[in-house]
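> model this:
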Amino acid sequence: MRPVLFLTLLLSSACAAGGALAQQGSNWIDPPAKSGAAPAGGERAKPAAKAAPRFEVEPEARTRSRRAAAPSPAPARRDMHRQDRTRAAEMRRARRAAIHERAREERYGHTARIHRPTPPPAPSLARSEPDPRFSDWAVAARRLSLGYLDSVSAPNGVMLSAAPRFYGSTVRFHGRVMTTNALLAEKQRFAQRWPERRYEPHGEPRIACDGASATCLVRIVHDFTAASPSRGARSQGVAELTLTVSFAGGAPVIVSEASRVLSRSGA
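The predicted structure is shown next:
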């Protein structure tokens with residue numbers, strides 16, 4: 001056991017002596033610590049400060065990025081104020097436009113009232129004085145018409161011989177224009193068909209005269225009775241006779257004749 005302990009001590013001494021010789025025989029020394037120059041005065045070097053771990057910086061950077069990304073309340077308020085100012089300005093412009101339009105309409109209405117043309121005076125509604133000839137014409141037209149109606153009740157020969165003095169050179173007879181001779185032919189056929197006739201007026205004739213055409217329109221409502229013993233025929237009723245009496249040639253003459261049956265009482 002002792003030889004082994006002795007051998008161990010001997011080997012340890014040899015190793016220590018060899019290291020010292022190697023250090024003295026060479027200019028090499030241990031390099032200085034990387035943290036800087038050796039502390040003066042034999043002070044012991046302080047351990048270098050460790051770098052701050054990265055996980056402490058990253059949360060602050062993310063916070064700043066979130067703040068930068070998040071909309072700031074101040075610009076939103078500015079936008080709201082800007083919109084309010086724009087809306088208020090539009091309302092003011094609309095009110096001013098309405099005021100200007102109302103003023104323009106008032107000016108236009110005033111100008112229109114000033115420059116409105118004066119309407120022409122209304123025509124007088126007073127009735128013009130009747131033509132002084134109308135009274136004479138009406139009397140003459142009445143006399144002629146009643147005389148003609150009375151002649152129709154006369155026997156055939158008397159009626160036909162009296163007819164020419166009642167008519168003008170041409171006559172509109174029931175819508176047809178014909179000469180006096182053609183009219184007399186019509187009257188003769190009528191007299192032969194109804195040889196017995198009686199015409200009696202109902203009241204006074206209605207007469208209206210026109211100065212421009214120098215005529216009077218005469219309407220006579222009358223009873224009529226016509227009979228033909230040879231045929232055994234009889235007709236009676238109420239009719240209206242319409243005559244146009246012209247004064248263009250001075251003396252009154254019939255220029256138009258028409259009639260219509262208003263009612264019949266037997267045949």
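> Might you list the low-confidence residue ranges for the protein?
Within the chain, the stretches with pLDDT under 70 are 1-75, 108-129, 266-267.
> all helices for it, in order.
For the chain, the helices defined by DSSP state H occupy 2-24, 58-69, 73-115, 133-152, 156-162, 180-193.
> which residues does the residue nearest to residue 184 when sequence neighbours are not counted contact?
The spatially closest residue to residue 184, leaving aside those adjacent along the chain, is residue 163, at 5.9 Å (Cβ to Cβ, 6 or more residues apart in numbering). No exception for glycine: its C-beta is placed from N, CA and C like everyone else's. Going by Cβ atoms under 8 Å, 6 or more residues apart in numbering, residue 163 touches 151, 183-184, 187.
> List only buried entries from the residues you listed.
Buried by 16 or more other Cβ atoms under 10 Å: 151, 183, 187, out of the contacts of residue 163.
> OK, contacts around the second one?
Which is residue 183. Each residue near residue 183 by Cβ under 8 Å, 6+ apart is listed here: 163, 167, 171, 173.
> Ok, the first one next?
For residue 151, the contacting residues are 158-159, 162-163, 166, taking Cβ under 8 Å, 6+ apart as the criterion.
> and if you look at residue 255?
Residue 255 makes contact with 167-168, 170-172, 215, 244-246, according to Cβ under 8 Å, 6+ apart.
> State the distance from it to residue 91.
Distance, residue 255 to residue 91, by Cβ to Cβ, to the nearest Å: 83 Å.
> The nearest residue to residue 175 once chain neighbours are set aside: how many residues sit nearby?
Nearest residue to residue 175, sequence neighbours excluded (Cβ to Cβ, 6+ apart): residue 258, at 7.2 Å. Look at residue 258: counted by other Cβ atoms under 10 Å, it has 13 neighbours.
> cool, and residue 173?
Residues within reach of residue 173, counting by other Cβ under 10 Å, total 17.
> do residue 241 as well
If you count neighbours by other Cβ under 10 Å, residue 241 ends up with 21.
> Residues in a beta bridge with it, which ones?
Note on residue 241: beta-bridge partners by DSSP bridges are residue 220, residue 259.
> Pretty sure residue 224 is one of the things it touches, is it not?
No: the pair residue 241 / residue 224 is not scored as a contact, 9.3 Å apart, by Cβ atoms under 8 Å.
> what's near enough to touch residue 141?
Residues in contact with residue 141 (Cβ under 8 Å, 6+ apart) are 207, 209, 216, 218, 243, 245, 252.
> where's it relative to residue 245, distance?
With Cβ to Cβ as the criterion, residue 141 and residue 245 are 4 Å apart.
> Give me the common contacts of those two.
Common contacts of residue 141 and residue 245 (Cβ under 8 Å, 6+ apart): 216, 218, 252.
> how many neighbours does the last one have?
Here the neighbour count serves as a burial measure; for residue 252 (other Cβ under 10 Å) it reads 23.
> Equivalent analysis for residue 150, please.
14.
> Quick check: the gap between it and residue 76.
Taking Cβ to Cβ as the criterion, residue 150 is separated from residue 76 by 115 Å.
> try residue 192
Distance, residue 192 to residue 76, by Cβ to Cβ: 119 Å.
> Residue 238 now?
Distance, residue 238 to residue 76, by Cβ to Cβ: 103 Å.
> One more: residue 84?
Per Cβ to Cβ, residue 84 is found 13 Å from residue 76.
> and if you look at residue 85?
Between residue 85 and residue 76 the computed distance is 15 Å (Cβ to Cβ).
> go on, residue 232?
Computed as Cβ to Cβ, the residue 232 to residue 76 distance reads 120 Å.
> Mind checking which of those two has more residues around it?
Each of residue 232 and residue 76 has its neighbours counted (other Cβ under 10 Å); residue 76 has more, 10 against 7.
> give the contact list for the more buried one.
Contacts of residue 76 (Cβ under 8 Å, 6+ apart): none.
> Residue 240: neighbour count?
Residue 240 has 15 nearby residues by other Cβ under 10 Å.
> The one 5 residues further on too?
Counted with other Cβ under 10 Å, the neighbours of residue 245 add up to 27.
> tell me the contacts of it?
Applying Cβ under 8 Å, 6+ apart to residue 245 gives the contacts 137, 140-141, 144-145, 215-218, 252-255.
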